[in-house]
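Asker: need a structure here:
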Amino acid sequence: MYDVIIIGAGVSGAATARELSRYKVKACVIEKEEDVCCGTSKANSAIVHAGYDAAEGSLMAKLNVRGNQMMEQLSKDLDFPFKKNGSLVVCLHEEDMPNLQALYDRGVANGVKELRILNCKELKEMEPNISDQAYAALYAPTAGIVCPFNLNIAMAENANVNGVEFKFDTEVTDLKPIDEGWEIHTNNGVFQTRYVVNAAGVYADKFHNMVSEKKIHITPRRGDYCLLDKSAGSHVSKTIFALPGKYGKGILVAPTVHGNLILGPTAIDIEDKEGTNTTREGLDQVIERAEMNVKNIPLRQVITSFAGLRAHEDGHEFLIGEVEDAKGFIDCAGIESPGLTSAPA
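Answerer: Below is the predicted model of the structure:
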């Protein structure tokens, strides 16, 4: 019998496995795909968020800020690429300044350090390719960029070296409570464990709802991206955001740690938990909105496009903790942005 079985080898599952590997615990990660980082974690913006966007007092805000503070040392410990390049939230119109100020105030309340509001002149000096319509921006020097693959793989490898088992191509089909904990039925056999950690991304609601009468709902939120060649990588130095809206942080323009330029994502709620196809409408929206904040984007340098899914929980909050009516079953659900940043915390 295992002490802990983690369902899902994305960034949250790998971070949990790494933390457990510090202790004398018999732990195993079960993953339905052939490797780590094959779901939500593989296709995202790769941003280490500063922490000004999440609601004050929320678990999302707390873990975002803590994860941001941990990322630089973690990158040194595990040898994955990370760069603290800073971020800018661009305000295009004077009448939107109260929204920008509210974002600043929230960031300060959340404990984000060194936040500043830049005027148009300061903004232009920092980013010459910013839109001529830009009125002001919120500058967060503590924001950064990372490679999701390298981060996920590094944490999983470290956990494995320290004794955590990984079982790939192993899909959970049923969960049954037993006297000592839980029995997990998969296509590759039955496993027993004292505790289960549900880090299954867009499928986390499926497993939660197998064991609990208090149902949750995870909506797959698709985001389309464009990736540009390394020749375009220096077009901006900071991560450029629009003011956030109902469906998230808006379309960003950002350098990557590998020297490319990335644009995206859209935010389209869908039903298909495997729906990672791009759409013409989505990519057109990415380009249109990116060009609202950054001028002269060399679109001829686009080398590929892709889409990813965020695991959006209806209450827009991380659900982390033991399920009330399922002893020993621990949710790590609803891990959408800033989930990548928050994972080490």
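Asker: and the residue lying closest to Pro298 once chain neighbours are set aside, how many neighbours?
Answerer: Leaving aside its chain neighbours, Pro298 sits nearest to Ala232 (4.8 Å; criterion: C-beta to C-beta, 6 or more residues apart in numbering). Placement of C-beta: from N, CA and C, glycine included. When neighbours are counted by other C-beta atoms under 10 Å, Ala232 registers 22.
Asker: what sits against Ala232?
Answerer: Ala232 makes contact with Asn260, Leu261, Ile297, Pro298, Gln301, according to C-beta atoms under 8 Å, 6 or more residues apart in numbering.
Asker: switch to 7 Å and redo it
Answerer: Neighbour list for Ala232: Leu261, Pro298, Gln301 [criterion: C-beta atoms under 7 Å, 6 or more residues apart in numbering].
Asker: wasn't Glu19 part of a helix?
Answerer: Yes: checked against DSSP: H, G, I helix; E, B strand; the rest coil, Glu19 lies within a helix.
Asker: burial of it, as a residue count?
Answerer: 16.
Asker: and for Thr173?
Answerer: Using other C-beta under 10 Å, Thr173 has 10 neighbouring residues.
Asker: tell me the spacing between it and Gly189.
Answerer: 11 Å (C-beta to C-beta, to the nearest Å).
Asker: and what of Ser41?
Answerer: For Ser41 relative to Gly189 (C-beta to C-beta), the value is 25 Å.
Asker: who has more neighbours, those two?
Answerer: Ser41 (25 against 9).
Asker: who are the contact partners of that one?
Answerer: So Ser41 contacts Gly10, Val11, Pro148, Asn152 (C-beta under 7 Å, 6+ apart).
Asker: ranking those residues by neighbours, who comes first?
Answerer: Val11 (31 neighbours).
Asker: look up phi and psi at that residue.
Answerer: phi -70, psi -40 (degrees, to the nearest 10).
Asker: repeat that for Cys37.
Answerer: Taking degrees, to the nearest 10 as the convention, Cys37 sits at phi 60, psi 50.
Asker: against Leu340, how distant is the residue lying closest to it once chain neighbours are set aside?
Answerer: Ranked by C-beta to C-beta, 6+ apart and with sequence neighbours excluded, the top spatial neighbour of Cys37 is Asn152, at 3.9 Å. Using C-beta to C-beta, one gets 9 Å for the distance from Asn152 to Leu340.
Asker: what do those two both touch?
Answerer: Val11.
Asker: hmm, His316 and Arg221 touching each other?
Answerer: No: using C-beta atoms under 7 Å, Arg221 is not in contact with His316, being 10.6 Å away.
Asker: more neighbours, these two?
Answerer: Arg221 (22 against 13).
Asker: ok, the more buried one to Ala14 distance?
Answerer: 22 Å.
Asker: which strands and helices sit next to the longest helix seen in the chain?
Answerer: When secondary structure is assigned using DSSP state H, the longest helix within the chain turns out to be helix 59-78. The contact analysis (3 or more C-beta pairs under 7 Å, 6 or more residues apart in numbering; DSSP states H and E) places helix 59-78 against strand 82-83, helix 148-161, helix 339-342.
Asker: so which elements touch the shortest one?
Answerer: Just to be clear, that refers to strand 82-83. helix 59-78, strand 144-146.
Asker: which neighbours does that strand have in its sheet, and in what orientation?
Answerer: strand 144-146 (antiparallel) (DSSP bridges).
Asker: other residues contacting the strand it pairs with?
Answerer: Outside strand 144-146, the residues touching it (C-beta under 7 Å, 6+ apart) are 46-48, 71, 81-85, 239, 254-257.
Asker: and the furthest pair within those?
Answerer: Met71 and Pro255 (16.6 Å; C-beta to C-beta).
Asker: all strands for the stretch 201-345 of the chain, in order.
Answerer: Shown for the stretch 201-345 of the chain, the strands assigned by DSSP state E, counting those that start in this stretch span residues 218-228, 239-242, 252-255, 261-264, 268-269, 302-313, 319-322, 329-333.
Asker: of all these, which lies closest to Glu127?
Answerer: Comparing the strands of the stretch 201-345 of the chain by C-beta to C-beta, strand 239-242 comes nearest, at 7.0 Å.
Asker: how far off centre is the longest helix of the chain?
Answerer: 12 Å (C-alpha atoms, centre = their mean, to the nearest Å).
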